[in-house]
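1. Next come a sequence and a model predicted from it.
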Amino acid sequence: MTIVCDRHIPYLVEAVQAHWPEVQICPMEADEITASSVREADVLVIRTRTIVNESLLSGSHVHLVCTATIGFDHIDTAYCAANGIRWMSCPGCNAQAVCDYIEEALEEYPITNTPTIGIVGVGHVGSLVASMAARKGYTVLLNDPPKRIGVSLDEIARECDIITFHVPLTGTPNTARCVDRIKTEFPTFHLCDEVFLAKCKPHALIINAARGGVVDEPVLLESGHPYVLDTWESEPDIRSEVVNHALLASMHIAGYSAEGKRNATQMCLDAIADEFHLAGILVPHPKGEGDRDPGWLKRISDRLKSAPMLFETLRKNYVLR
């Protein structure tokens, strides 16, 4: 049995080598995961940098794809289903880390009156953000039509001083991605667009730590709204002008905590063990070594703003907090 994996998934290679000696694991850079390199693989373990579709998988032995991420719009799920390929993602794995990121962002944007925060998407992350904001004394409005939770998006726009997005990416026109083949009643591509922003309070803070593409970045820039962005539509080739005008900007690391990464790796290993009837592996709970001192997000933002062209390098070398 052979696993091809992204080498930047923490704890994975060590765990497999220590506990499954019968399994061959081949760590690679994301751009090395190609049709030829996965042809003999049984399992792929990837991050968002790998687009999983017919071009990658056709003619391969792969029958399990694990993405160590919450989002899965980089996987052509329709192709997988049609070809008997099981896939899984890791919902909730880094929810607390993303919530911590939002809390730190709010510390950098003080509001004198009691603010109203709108949370768009009330899943694992959104629920934690709602609880955190309530503890801080914010008025909380929720919006999640698929779950039949909360108020309308129009009300979020009209009433909120802060609006934070925690939705999956659906309905994108990018033909490389799986959601083009999925008809959805609630598309989120450019959910925050010119029409939405025109309804918002003039100085409402916009936060996107969900998926790149949920926010129309050029429109957001032109709107004059303050904003915090962790995810970007054109990653890793981000727009420098959008970075430079951000209140805070980071390189898709909101969920990058040691515990969140451990959780994702554990979920992927559990799926592999279940699929191939292997002994379970328990990944130890790690201690983060990265910067968690007050102001950590501002320091990250300053580094990215000084060199937005190094987005991917800064992301790869980020020390898990």
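-> Okay, I see it.
2. Could I get the phi/psi values of the residue lying closest to residue 299 once chain neighbours are set aside?
-> Nearest in space to residue 299, with sequence neighbours left out and distances taken as Cβ to Cβ, 6 or more residues apart in numbering, is residue 291 at 6.5 Å. For every residue, glycine as well, the C-beta is placed using N, CA and C. For residue 291, the backbone dihedrals (degrees, to the nearest 10) come out as phi -70, psi 120.
3. for residue 163, same thing?
-> Dihedral angles (degrees, to the nearest 10) for residue 163: phi -130, psi 120.
4. And for residue 85?
-> When read as degrees, to the nearest 10, the backbone of residue 85 gives phi -100, psi 120.
5. Check what pLDDT the residue nearest to residue 299 gets.
-> We note a pLDDT of 95 for residue 291 in this prediction.
6. before we move on, what about residue 172?
-> 64.
7. what do you get for residue 181?
-> pLDDT at residue 181 comes out at 41.
8. ditto for the one 5 residues further on
-> For residue 186, the pLDDT comes out at 82.
9. Do I have it right that the residue nearest to residue 299 meets residue 319?
-> Yes - counting by Cβ atoms under 8 Å, residue 291 touches residue 319, with 7.2 Å between them.
10. neighbour-wise, which of the two wins?
-> More neighbours surround residue 291 than the other of residue 291 and residue 319, with 13 against 10 (other Cβ atoms under 10 Å).
11. any idea how far that one is from residue 99?
-> Remark: distance between residue 291 and residue 99 (Cβ to Cβ, to the nearest Å) = 17 Å.
12. now residue 249
-> Applying Cβ to Cβ to residue 249 and residue 99 gives a distance of 19 Å.
13. And for residue 81?
-> 32 Å.
14. Give me the distance from stretch 110-129 to the chain's centre.
-> In terms of Cα atoms, centre = their mean, to the nearest Å, the centre of stretch 110-129 is set 18 Å apart from its chain centre.
15. Just the mean pLDDT for it, thanks.
-> 94.
16. Please enumerate residues in contact with that stretch?
-> Contacts with stretch 110-129, where a contact means Cβ atoms under 8 Å, 6 or more residues apart in numbering, come from 70, 91-92, 95-96, 98-99, 102, 130, 133, 137-144, 147, 149-150, 153, 156-157, 159-168, 191, 209-210.
17. quick one: buried residues of that stretch?
-> 115-129 (16 or more other Cβ atoms under 10 Å).
18. What of stretch 234-242?
-> Buried residues in stretch 234-242 (16+ other Cβ under 10 Å): 235-236, 238, 242.
19. now the residues you listed as TSV including pLDDT, secondary structure and distance to residue 219?
-> Converted to TSV, the buried residues of stretch 234-242 look like this (pLDDT from 0 to 100; DSSP: H, G, I helix; E, B strand; the rest coil; distance: Cβ to Cβ, whole Å):
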residue	pLDDT	secondary structure	distance to residue 219
235	92	coil	18
236	93	coil	21
238	96	coil	16
242	98	helix	10
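20. Please enumerate the helices of the stretch 201-321 of the chain.
-> 217-223, 240-244, 258-276, 296-306, 311-316 (DSSP state H, counting those that start in this stretch).
21. should've said the stretch 1-150 of the chain
-> Using DSSP H, counting those that start in this stretch, helices in the stretch 1-150 of the chain cover 12-19, 35-38, 54-57, 77-82, 95-107, 124-135.
22. so can I have TSV of those showing distance to residue 284?
-> As requested, the helices of the stretch 1-150 of the chain are exported to TSV (distance: least, Cβ to Cβ, whole Å):
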stretch	distance to residue 284
helix 12-19	9
helix 35-38	29
helix 54-57	32
helix 77-82	31
helix 95-107	18
helix 124-135	23
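23. Which one, of those, ends up nearest to residue 271?
-> For these, distance to residue 271 was read as Cβ to Cβ. The smallest value, 12.2 Å, belongs to helix 12-19.
24. Who are the packing partners of that closest one?
-> strand 2-6, strand 24-28, helix 258-276 (3 or more Cβ pairs under 8 Å, 6 or more residues apart in numbering; DSSP states H and E).
25. how about the residue lying closest to residue 194 once chain neighbours are set aside, what does it touch?
-> What sits nearest to residue 194 in space, not counting adjacent residues and going by Cβ to Cβ, 6+ apart, is residue 219, at 4.8 Å. Residues counted as contacts of residue 219 (Cβ under 8 Å, 6+ apart) are 190, 193-194, 197.
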